[in-house]
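Asks: What follows is a predicted protein model with its sequence.
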Amino acid sequence: MNILIASDSFKDSLSSMQVANAIQKGFSKVFDDAKYQKFFLADGGEGTLESICTQTLNCQEKKIEVLNPIDEKITAKYAFIDEKTAVIEMAQASGLEIVKKEKRDIINSTSFGFGQLIADSINNGAKKLILAIGGSATNDVGIGMLQALGVKFYDKHNEEISTSKILTAKDIFKIENFDISALSAFKDIEIVIASDVTNPLCGKNGATHIFGKQKGATSKHIEFLEESIFKFSKICEKKLAKKTKDEQGAGAAGGVGFALNTFLNARFKSGIDTVINLVDFEEKVKNADLIITGEGRVDEQTIYGKTITGVLKLAVKYDKPVIIIAGGLDEGYEKLYAHGATAIFDITPISKPLEDLLKQADENLTATAYSIANMIALGQNKSF
């Protein structure tokens, strides 16, 4: 039996690689003679670079010093997957998980480090950028990133506000004008935004209202940021003659999706589809007898461009059974059955506190995989 394990990470707990290893450990207790193939998937968030480089032969990683969201120096990496194509993961430089919880500050956070990665890739000859922008800590509508790329921002007195400080979300409201002449370097650069987010920039379904709280925003922060970002979008609309704030994906990464689309003519593409195409995952699905996938939280939102959805599309195409193992299940998860799921399980004993569950995820995942394998063996007499 050929078993393909292709999972996303379990956020705050296990990487994609750790998830796959735990599932194999549990399954091999029953199906010890099966052939296992593991793929470490991601949908444009944290882990995307690892997923691609682990499974791409010519991946050449580059490490540079950048600023993290709260202006601390860190080492981050990106990679060339061929001579002219760079893959850059925003979470490497501007991710939520690289900032300690007690230091997270959405108002004073910046996407500048992400811009530094982009600039370095261009300096090293990149002609195509694949930008994975999930997992960000920021809500600065990309002004930090743009500043790192040479854009100058001016206040109502026509004084440059980006000359002596790194811009953060609290500076958005001050902006009245900008100079984008430095972006001429991007005239012949193809930019793809790999993201699973389809939210617009503003409004109740926009960047701030939907994602602000998980980045530490209070109600007052949300009100201030929403007003600031809307104002900035109208300035961009007038100066650049582009109406892009309502584009699907404009709200990704606290508005970085909007900035990339509006200032750099980047196009949006499903994060999981991008990864699947780069690692030749479809060929592995063709040859599998059983596919096991999963991610930390599975609910109704999972059907909108998450890793599991990408796996299910290919599984349906080749009529393959798919077992989903989640860290936890929430309202609407059952809708995945209509998209090709064969069975759905979670590893969460309800009686335990979250902190303990996160620490015991590997153990719980292995035990759940073992139970599922036993069920399959009993019902199918150890064969499909």
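Replies: Everything's here; your move. Residues are numbered from 1 along each chain as shown.
Asks: Quickly list the domain ranges of the chain.
Replies: Following automatic domain parsing, the chain resolves into domains at 2-41+283-380, 56-271.
Asks: shaky segments in the stretch 251-384 of the chain?
Replies: 349-351, 378-384 (pLDDT under 70).
Asks: quick one: the strands in it?
Replies: Using DSSP state E, counting those that start in this stretch, the strands of the stretch 251-384 of the chain run over residues 267-270, 290-293, 297-298, 322-326, 328-329, 343-346.
Asks: With respect to E50, which of the domains of the chain lies nearest?
Replies: domain 2-41+283-380 (6.6 Å; Cβ to Cβ). (Glycine included, C-beta is placed from N, CA and C.)
Asks: Could you export the domains of the chain as CSV, including distance to G47 and mean neighbour count?
Replies: Shown next, in CSV, are the domains of the chain (distance: least, Cβ to Cβ, whole Å; neighbours: other Cβ atoms under 10 Å):
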stretch, distance to G47, mean neighbour count
domain 2-41+283-380, 5, 19
domain 56-271, 8, 20
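Asks: Let's have these in a markdown table, adding distance to L49.
Replies: A markdown table is the format used below for these (distance: least, Cβ to Cβ, whole Å):
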| stretch | distance to L49 |
| --- | --- |
| domain 2-41+283-380 | 11 |
| domain 56-271 | 4 |
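Asks: so which of the ones you listed comes closest to T48?
Replies: domain 56-271 (3.9 Å).
Asks: out of everything not next to it in sequence, what's closest to L67?
Replies: G113 (4.6 Å; Cβ to Cβ, 6 or more residues apart in numbering).
Asks: Can you show me the CA trace of the helix or strand hosting the one you found as PDB?
Replies: Of the helices and strands defined by DSSP states H and E, G113 is found in helix 112-123. Extracted as PDB, the C-alpha positions of helix 112-123 are listed here (Å, rounded to 0.1, in the frame of the first residue of the first chain):
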ATOM      1  CA  PHE A 112      10.100  46.800   6.500                       C
ATOM      2  CA  GLY A 113      12.000  43.500   6.900                       C
ATOM      3  CA  PHE A 114       9.900  41.800   4.300                       C
ATOM      4  CA  GLY A 115      10.900  44.700   1.900                       C
ATOM      5  CA  GLN A 116      14.500  44.100   2.800                       C
ATOM      6  CA  LEU A 117      14.200  40.500   1.600                       C
ATOM      7  CA  ILE A 118      12.600  41.600  -1.600                       C
ATOM      8  CA  ALA A 119      15.200  44.200  -2.300                       C
ATOM      9  CA  ASP A 120      18.000  41.800  -1.700                       C
ATOM     10  CA  SER A 121      16.500  39.300  -4.100                       C
ATOM     11  CA  ILE A 122      16.300  42.000  -6.800                       C
ATOM     12  CA  ASN A 123      19.900  43.000  -6.100                       C
END
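Asks: starting at the chain centroid, how far to it?
Replies: Relative to its chain's centre, helix 112-123 lies at 18 Å (Cα atoms, centre = their mean, to the nearest Å).
Asks: swap in stretch 50-65?
Replies: Using Cα atoms, centre = their mean, the offset of stretch 50-65 from its chain centre is 16 Å.
Asks: residues making contact with that stretch?
Replies: Here stretch 50-65 makes contact (Cβ atoms under 8 Å, 6 or more residues apart in numbering) with 15-17, 39-42, 73-82, 87, 116-117, 120-121, 124, 275, 278-279.
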